[in-house]
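Asker: using only what follows, build the 3D model:
(2 chains)
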Amino acid sequence: MSHPAVPALEARSITKIFPGVVANQEVSLQVHAGEILALLGENGAGKSTLMNVLFGLYHPTQGEIWVDGRPVTLKTPRDAIALGIGMVHQHFQLVPVMTVIDNIMLGDEPIRYGLLDRRHAEERIRALSHQYGLAVDPHSVIEDLPVGIRQRVEILKALYRNAKILILDEPTAVLTPQEIEGLFAVMETLKRQGKAMIFITHKLKEVLRIADRILVLRGGRVVGAADPQTATQSQLAALMVGREVILTVEKGAARPGAAVLEVTDLQAKNDLGEPALRGVSLQVRAGEIVGVAGVQGNGQTELVEVITGLRRASGGQVRIGGVDRTHASPGQITHAGHCSHVPEDRHAYGMVDSYTVADNLILNQYAQPPFARAATIQQAAIAEHAEKLVKKFDVRTPSIETPGGSLSGGNQQKMVVAREFSRPIQLLIAAQPTRGIDVGSIEFIHQQIVAKRDEGVAVLLVSAELDEILALSDRIAVIYQGRILDVVDRAAATREGLGLLMAGVKAEPT
Amino acid sequence: MHIFSLRRAGQLLVVPILAVFSALLVGALLMWLFGDDPLAAYRGLWEGAFGSPRAWSTTVRKMTPLILTGLSVSIAFKAGLFNIGASGQFVVGTVCSVAVGVNFEGMPAHLLLALLAGVGGGVLWGLIPGLLKVFTGAHEVIVTIMLNYVASLFAAWTVYAGGTQGQTPGPLWDVNAGPISRTAEVLASARLPWIFGEPYRVHWGVLLAIGVALAMWWLIFKTTLGFATRTVGANSKAARYAGINVRWITVLTLMIAGGVAGLAGAIETLGLNHRFAPEFTGGVGFDGITVALLGQTNPLGVLLSAFLLGALDAGSARMQFDSGVAADIIQVIQALVLAFVAAPAIIRQLYRLRKPGDLSESTVFSSGWGR
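Answerer: Got it, this is the predicted structure:
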């Protein structure tokens, strides 16, 4: 494909630093008219930050943005729009009770004699939807439309503002397979008509299907570029989850005992009501670590939530220690089931930011002795417990009375780990236990997980980091589209084999 | 959790104190603009609130229901709920306590029963929005506002004197009142006794209210139930993770909030008014929102802010008498106080205060609006 010499949009060495976090580090990219650039990366890789920088929502700490060969400053999205940059957000920015016309012209209304000129807007919308094959009834009300059509409205909104460069933020995340085909057809049309597109996703198949070039982002940096003509899904998966830092964990052979966690044909829906678990069966025995590997969004989150009682199962069974806990409450699973849970999203589930470190360290044991007696909080016992754990788990905090939310990410995680690892348990569920924390803390948490295993605890480890899975697991289950595709012994597992499984490719038995 | 730490108390008090100061300043400016003498007005206000034993007794009397309605709104805030229904809960509590108070002559523990009836009425009026929120997702703000109307219309019906065309009078109407819609007087056995009788008219309700505030402080900060309630308010997902039954806490909190507001109604009736008539509205329930916010939703803060608002109310008559400034200005000042505490950013900007660096438990006004 021949490109004009000047890229439509260019990011030059963009660095974006939030307090304590480097979200983007020296990221450069170019996209030309008539081209689809795919930006591939795990959740938290810095894709969304980068796009928000390109759309004027964030200001880069360093680096430049060039449009049509000229450096530009984007103070607000308004500046970006004026330069022909349009964004289709993952979460649609539409007013549900208003019509398609009203939504599209909102913020850019044609005025005639001081009144809204809806007719003019409608004519333009009809012309645009004809030109780009975006069939939509301008008079429908958004809330009556299926998700796929709403997305067309989002795209029309950008085109209505004369966008030449379209940023599509995970546009397929909310679509059915048929709707995805529809979107790809639209994207092809837009491409033929000379639009530049940045397509953000973590789905490998889609990237290979639609992109002209692929850029892989990990940990805020560009870690590789690939040509969809030659790249394979397993290569891309390996790039995405990374391979250069191989963490070694000292551990002996597992001595597994009886099954502690038995998941049978488990089914559950995600937040959108779509099937997320389609019959997961899995066993974790005492004294072993079973790692769940998979590309994000294949049901890992839902699996952990169902096991820990935070999400309802729509079918199947969860047994913990031989007792059916399928529909037990989180409290029953924690206490009667002797289960610990390091949640994937610690700010949502694992801690209360405004609570002190001491209170966070008893968050799910506040009603248990010795922290409560006769329904009364025992401050002294809580403080003593906190002092002990802060020391043992090396949680760096000015004091145990400091609000948990003001600690650094790594120390918050150590706080959560300290709480979950410091009581007698039979089952440990660790979801992304080291996400977003420093290497020192990662090693420490890994050692603690292995120590739990050696005490005879059954450990279910869910991680987006393949290295973490490989370093810790005794057996590895690969989850793909809500099913366990295969369970392999660590000794038999290879990165390439797992990469293929994560991409949904199961080797035929020979 | 160190509530008594001086530095923390100082941080908590800065905004409310500056809010009151600013409101008084703006009030003075308004009076000056209309050609009144603010100094004379505020001198009268002070005299009316604190100038004599009689003035003090008025302040204490006005403060009593405000403590309880302020607590009602505060505890709901702790669980992340906005109880705008203290007014209706107050009215239902009033009606229930009167119903017991005018009947059952010679009943043992008559006063206690009448008080409990008031609490029970309020609990019921809190239970309804609680159940509706938990089972249908109806937002407690909307439901409690609507229930305020239901309560006041229901209360008016109970004392309806009947019509000239032979309409049936309400069940609590005093047959000796003729065409006037009101209840009979509460029997002596169901009245809260005076601490100081006429002309001071201070009844034991004030000590009851202070006792409830202390108990509420203990409940919120020292019990497992309080921990659960605060956790639900601070992060309901983390609360679920921690094994807390968020639905139950939501319902229970609104029941407690309703019960406390209902007790306020019972105390006002059994201690002071001794009867109910439709013109006794639950305005004091709405004032509870100001009291709660000014008191930073802390029960001890509520005691202070109820005292302050009670004093403003108590002094307003004397202020009007002494300076000729309409007592309505006090309502303007109260509204300004509310505006300033509800929008602390204004105060911080005005006085160049640093943003609070810590993540202290802040009040969430309307978490989950409409969802």
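Asker: correct me, but A:Ser234 touches A:Thr494?
Answerer: No - contact criterion C-beta atoms under 8 Å: A:Ser234 and A:Thr494 do not qualify, at 10.5 Å. Quick note: C-beta positions are derived from backbone N, CA and C, even for glycine.
Asker: state the distance from the residue nearest the centre of chain B to chain A.
Answerer: Of all residues in chain B, the one closest to the mean position by C-alpha atoms, centre = their mean is B:Thr69, 2.0 Å from it. Note on B:Thr69: its distance to chain A, by C-beta to the nearest C-beta, to the nearest Å, is 26 Å.
Asker: swap in B:Arg201?
Answerer: 38 Å.
Asker: contacting residues around the nearest residue to B:Gly88 once chain neighbours are set aside?
Answerer: Closest residue in space to B:Gly88, ignoring its immediate chain neighbours: B:Ala151 at 3.4 Å, by C-beta to C-beta, 6 or more residues apart in numbering or on different chains. Shown in contact with B:Ala151 (C-beta atoms under 8 Å, 6 or more residues apart in numbering or on different chains): B:Ser87, B:Gly88, B:Gln89, B:Val91, B:Val92, B:Trp125, B:Gly282.
Asker: just put the residues you listed in CSV and tack on neighbour count.
Answerer: Conversion of these to CSV gives the following (neighbours: other C-beta atoms under 10 Å in any protein chain shown):
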residue, neighbour count
B:Ser87, 30
B:Gly88, 32
B:Gln89, 38
B:Val91, 33
B:Val92, 31
B:Trp125, 33
B:Gly282, 28
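Asker: looking at the residues you listed, which are in helices?
Answerer: Cross-referencing the contacts of B:Ala151 against helices under DSSP state H gives B:Ser87, B:Gly88, B:Gln89, B:Val91, B:Val92, B:Trp125.
Asker: when A:Ser234 and A:Thr494 are compared, which one has more neighbours?
Answerer: Ranked by neighbour count (other C-beta atoms under 10 Å in any protein chain shown), A:Ser234 and A:Thr494 place A:Ser234 first, with 19 against 10.
Asker: contact partners of the stretch of helix or strand A:Ala80 belongs to?
Answerer: According to DSSP states H and E, A:Ala80 maps onto helix A:77-82. By C-beta under 8 Å, 6+ apart, the list of residues contacting helix A:77-82 from outside reads A:Leu54, A:Phe55, A:Gly56, A:Leu57, A:Val72, A:Thr73, A:Leu74, A:Met87, A:Arg161, A:Ala163.
Asker: quick one: average pLDDT of that helix?
Answerer: Mean pLDDT, computed over helix A:77-82, is 92.
Asker: and stretch A:309-329, by the same measure?
Answerer: For stretch A:309-329, the mean pLDDT works out to 95.
Asker: what is the end-to-end distance of that stretch?
Answerer: For stretch A:309-329, the first-to-last residue distance is 5 Å (C-alpha to C-alpha, to the nearest Å).
Asker: number of nearby residues for B:Gly137?
Answerer: For B:Gly137, the count of nearby residues is 10 (other C-beta under 10 Å).
Asker: separation between it and chain A?
Answerer: Distance, B:Gly137 to chain A, using C-beta to the nearest C-beta: 16 Å.
Asker: quick one, what contacts the residue lying closest to A:Thr264 once chain neighbours are set aside?
Answerer: What sits nearest to A:Thr264 in space, not counting adjacent residues and going by C-beta to C-beta, 6+ apart, is A:Gln317, at 4.6 Å. By C-beta under 8 Å, 6+ apart, the residues touching A:Gln317 are A:Glu262, A:Val263, A:Thr264, A:Asp265, A:Leu266, A:Asp324, A:Thr326.
Asker: could you do A:Glu344 as well?
Answerer: If a contact means C-beta under 8 Å, 6+ apart, then A:Glu344 has A:Thr301, A:Val304, A:Ala431, A:Gln432, A:Arg435, A:Val462 as its contacts.
Asker: check whether the fifth one really touches A:Ala464, as I assumed.
Answerer: Same thing as A:Arg435. Yes - counting by C-beta under 8 Å, A:Arg435 touches A:Ala464, with 7.4 Å between them.
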